[in-house]
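# this is the structure alone, sequence omitted:
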């Protein structure tokens, strides 16, 4: 029973703590974008409804997979993906998520970009 509560606490409070840590500890990284693709992520709610949230999935050299979601809409996601594809960019990500990206990747979670700019 205690072990079950421990697992529950990790999966409920862990993401909340990581999100809070990321917001308080932004990290600037410079990465070469190998591929940027306009996509959507499907989010399920507790009442079994789902919502598709537009984003740009970014594969980089040296920084791994990233997700640009802030400021991305269905109307502009293709344009954003085309703009950063093949370019070198400076991304701002949460330090905790970025440092744990290999572990989070096991759960198909990638660090979320809070802002970016093209630097090449």
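Great, that's in hand. None of the values given here were measured: they were computed from a predicted structure.

# for this structure, just list every one of the helices.
Assignment of helices within the chain using DSSP state H yields the ranges 2-24, 77-84, 95-99, 101-105.

# weakest of those helices in terms of mean pLDDT?
Considering the helices of the chain one by one, the lowest average pLDDT is found for helix 2-24, at a mean of 78.

# in the sheet, who's paired with residue 52?
residue 42 (DSSP bridges).

# quick one: pLDDT of it?
The model reports residue 52 with a pLDDT of 91.

# next: the one 10 residues further on.
You'll see residue 62 listed with a pLDDT of 91.

# residues in contact with it?
Contacts for residue 62 were tallied using Cβ atoms under 8 Å, 6 or more residues apart in numbering; they are 31-32. In short, each C-beta sits where N, CA and C put it, glycine included.

# any idea how far residue 115 is from it?
19 Å (Cβ to Cβ, to the nearest Å).

# over to residue 44?
Plainly put, residue 44 is 27 Å away from residue 115 if you go by Cβ to Cβ.

# buried ones in stretch 77-93?
Burial within stretch 77-93, assessed by neighbour count using 16 or more other Cβ atoms under 10 Å, is assigned to 77, 80-81, 84, 89, 91, 93.

# can you check stretch 112-120 too?
By 16+ other Cβ under 10 Å, the buried positions in stretch 112-120 come out as 112-114, 116.

# stretch 103-113 now?
So for stretch 103-113, counting by 16+ other Cβ under 10 Å, buried means 104, 109-113.

# kindly reformat those as JSON lines containing distance to residue 15.
Formatted as JSON lines, the buried residues of stretch 103-113 follow (distance: Cβ to Cβ, whole Å):
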{"residue": "104", "distance to residue 15": "10"}
{"residue": "109", "distance to residue 15": "9"}
{"residue": "110", "distance to residue 15": "14"}
{"residue": "111", "distance to residue 15": "13"}
{"residue": "112", "distance to residue 15": "12"}
{"residue": "113", "distance to residue 15": "18"}
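
# tell me which of those residues fall in strands.
When strands are assigned by DSSP state E, the members of the buried residues of stretch 103-113 inside them are 112-113.

# nearest to residue 32, out of the buried residues of stretch 103-113: which one, please.
Distance ranking of the buried residues of stretch 103-113 against residue 32, using Cβ to Cβ, places residue 113 first at 14.8 Å.

# all set, thanks.
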